[in-house]
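In: Predicted model, plus sequence, below.
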Amino acid sequence: MNTGRKIIAVLIIIFLALPILFGIIWAVGLTRAVVSSEFLTELPKKVIAKVPDMADEVLEAAAREGTEINPNTRAWLQAAVKVEMKPHELLARTGLLQWLENELTGSLATVGEMLRGQRPYAHVTLNMKPLKAALGHEVFGQYFTAVLKNLPQCGDWQQSAWEQAAVNGSWHERLPACQPQIGLVDQAWQVARLRMEGDIPDEVDLMQGVEHFPRRWNVAQSIVTISYLLFLIPAVFIAIAAWVAAPNLSGFLRWSGVTTMIGGLLGLGLAFPLSRFFNWGIEQAHFHYWGPYSQFKEVLLDHTGEIMSVVSRQLFSPVVSVAEAVCIVGLIIFALSFAVTTTPKRKVQPPVQASAT
């Protein structure tokens, strides 16, 4: 009978308690990561700080022979590599990098403060005008002209393609890599710039529907608190399994503690492999994307490993912390099982009476 109870307890632990505990460890850890102050404040800064160097590396890598990029696009890239002005300088001189560092990160930080209840909820407007101004900056035109100087003269059909681009602003990967007639470049650039400015709104509201929120509500803390309550679900199944298997309080605590520690160790042990799997999944995403810039996916992913590591650490570090806390709780429960162990009372033998002679 005792063996049968333990078998039932083990089945409950394997098929219910441990999978649920493992899932909730990850759910709580990822929730903590997403609603943390670092996710909307520090993470964008870390990523943006790596953008200039990454832009230079991606351009040089994409221009090399052997990459899966069509010859026309590679010709554009090889011409761009020869330009004295590097991509990081272009980003800085046009103001695009400043927009990322100041406007974008500042707006995201404000959203984070609202979610943490540090300021009343209000509409947060992301100003897109500096972005439009940066993309239409004259330095971009100068850079493009410098790129064209490293290309051969256009043929008849190539000239026709440039004339079409000058009319409708159709700038895409199939624009011939060649120098068109004088004046056509400026015309095509102006048409493309106006079209781009029309496609980008002046402002973007990052907090739509904010009027339905209370004036001050720590959404982040509320979400984390609710997520911690989810641990009650595996706790119930662990308690049921321990109750089935253990005949006394000491055994109940021992079974509960060991099961909790195993769940924490599973979450802890799989955090690092799953973070690698996360990066691998991002790398495989280009197989499911087919668009005008899909050919750059492989080059981009090959040179964004450091950024992906930053994001991965931000997402998975809280998972490790939660798993460690679960292991500690399990260890404490296991230790308590020895504190409540009761030593069975020794049976007192009745005195032996002397037989009458």
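Out: Thanks, I have it.

In: ok, the residue most central in space within the chain - contacts?
Out: The residue lying closest to the centre of the chain (C-alpha atoms, centre = their mean) is Val311, at 4.9 Å. Contact analysis of Val311 by C-beta atoms under 8 Å, 6 or more residues apart in numbering lists 43, 47. Using the backbone N, CA and C atoms, a C-beta is placed for each residue, glycine as well.

In: one more time with 7 Å
Out: Leu43 (C-beta atoms under 7 Å, 6 or more residues apart in numbering).

In: For the helix or strand it falls within, what is the distance to the chain centroid?
Out: Using DSSP states H and E, Val311 sits within helix 305-339. Here helix 305-339 is found 18 Å from its chain centre; the criterion is C-alpha atoms, centre = their mean, to the nearest Å.

In: Flag every buried residue along it.
Out: Residues of helix 305-339 classed as buried: 307-308, 310-312, 314-324, 326-327, 329-330, 333-334, 336-337 (neighbour count, 16 or more other C-beta atoms under 10 Å).

In: all strands of this protein, in order?
Out: Ranges of strands in the chain, per DSSP state E, are 125-127, 203-205.

In: residues of the first one that come out buried?
Out: Using 16+ other C-beta under 10 Å as the test for burial, strand 125-127 gives 126-127.

In: Now Arg74. Nearest residue, chain neighbours left out?
Out: Once flanking residues are discounted, Arg74 sits nearest to Ala63: 6.4 Å by C-beta to C-beta, 6 or more residues apart in numbering.

In: Return the residues in contact with the one you found.
Out: Per C-beta under 7 Å, 6+ apart, neighbours of Ala63: 74, 77-78, 81.

In: can you do 8 Å?
Out: Contacts of Ala63 (C-beta under 8 Å, 6+ apart): 74, 77-78, 80-81.

In: do the same with Ala146
Out: 83-85.

In: could you flag which of the residues you listed are buried?
Out: Buried among these (16+ other C-beta under 10 Å): Val83.

In: Can you give me the neighbour number for the nearest residue to His137 once chain neighbours are set aside?
Out: Once flanking residues are discounted, His137 sits nearest to Thr94: 4.0 Å by C-beta to C-beta, 6+ apart. Per other C-beta atoms under 10 Å, the neighbour tally for Thr94 reads 20.

In: wait, Thr94 sits on Gln142?
Out: No: at 10.1 Å, Thr94 does not count as touching Gln142 under the criterion of C-beta atoms under 8 Å.

In: about what we covered before: out of the strands of the chain, which gets nearest to Leu40?
Out: Closest of the strands of the chain to Leu40 is strand 125-127, at 12.9 Å (criterion: C-beta to C-beta).

In: which residues are contacting that closest one?
Out: Under C-beta under 8 Å, 6+ apart, the answer for strand 125-127 is 103-104, 107, 202-206.

In: for stretch 73-92, same thing?
Out: By C-beta under 8 Å, 6+ apart, stretch 73-92 touches 51-53, 55-56, 59-60, 62-63, 65, 67, 69, 93, 96-98, 139-140, 143, 146-148, 150-151, 173, 177, 295.

In: Recalculate using a threshold of 7 Å.
Out: 52-53, 55-56, 59-60, 62-63, 97, 139, 143, 146-147, 150-151, 173, 177, 295.

In: same deal with stretch 26-34?
Out: 39, 223-224, 227-228, 230, 267, 314-315, 318-319, 322.

In: Farthest-apart pair in those, please.
Out: It's Leu230 and Gln314 that sit farthest apart of the contacts of stretch 26-34, by C-beta to C-beta, at 21.7 Å.

In: Next one, pLDDT for Met85 please.
Out: Model confidence at Met85, given as pLDDT, is 93.

In: Let me fix that, I meant to ask about Leu115.
Out: Value listed for Leu115 in the pLDDT field: 81.

In: Please apply the same query to the one 4 residues further on.
Out: Per-residue confidence at Arg119 stands at 82 (pLDDT).

In: Next: Gln353.
Out: The model's pLDDT for Gln353 equals 57.

In: could you pull out the helices for the stretch 101-250 of the chain?
Out: Using DSSP state H, counting those that start in this stretch, the helices of the stretch 101-250 of the chain run over residues 105-115, 129-135, 138-148, 156-168, 184-199, 219-229, 232-245, 249-284.
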